[in-house]
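S.K.: here is my input; please provide its structure:
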Amino acid sequence: MAVTTGTAWDVILSARPVAPEPGSTALSVRATYQQALYERALLVDLRAEQTRRDGAVHPDLAAVTVSPQELVSWLVNNPDTRPVVLLSEDGEQAREAAETLGELGLAQVSYAVGGFHAWLQAGLPARSAA
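M.R.: Numbering: from 1, shown residues only. Purely as a prediction, here's the structure:
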């Protein structure tokens, strides 16, 4: 049993990540957070600029912003070999992109279930709009 200070962050950080089912590309937002926090995966935010003005993942996480139109080109030209986790507003765009990319075999790609909405609901660190 881990010793904690009893804060909500202790619960989030000590929670075991939800492993995806075999063959699935889905990750919970908590598992996504842990992957980005410990730099085991790169979080790719696919949301439009105007949507990101409402909030974004914390800037200290291993995350980048890529437009959906540039995603394939970015994946092909990205020298980073870590797996990629896609994040969209509600998770649907990221799911579709991850499934398509998986079929093409271009990269090791998964997606955050529920997207940024679920990220905020889980209380994960985010930068608020300026």
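S.K.: check what pLDDT Ala126 gets.
M.R.: At Ala126, the pLDDT value in this model is 89.
S.K.: check contacts around the closest residue to it other than its chain neighbours.
M.R.: In space, Ala126 comes closest to Gly55 once its chain neighbours are excluded; the distance is 5.0 Å by C-beta to C-beta, 6 or more residues apart in numbering. No exception for glycine: its C-beta is placed from N, CA and C like everyone else's. The neighbours of Gly55, taking C-beta atoms under 8 Å, 6 or more residues apart in numbering as the test, are 116, 120, 126-129.
S.K.: neighbour-wise, which one of those leads?
M.R.: Phe116 (26 neighbours; other C-beta atoms under 10 Å).
S.K.: quick one, what contacts it?
M.R.: Shown here is Phe116, whose contacts under the criterion C-beta under 8 Å, 6+ apart are 45, 47, 51, 55, 57, 87-90, 126.
S.K.: for the longest helix along the chain, which residues meet the burial criterion?
M.R.: Using DSSP state H to define each element, the chain has its longest helix at helix 92-104. Residues of helix 92-104 classed as buried: 93-95, 97-98, 101-102 (neighbour count, 16 or more other C-beta atoms under 10 Å).
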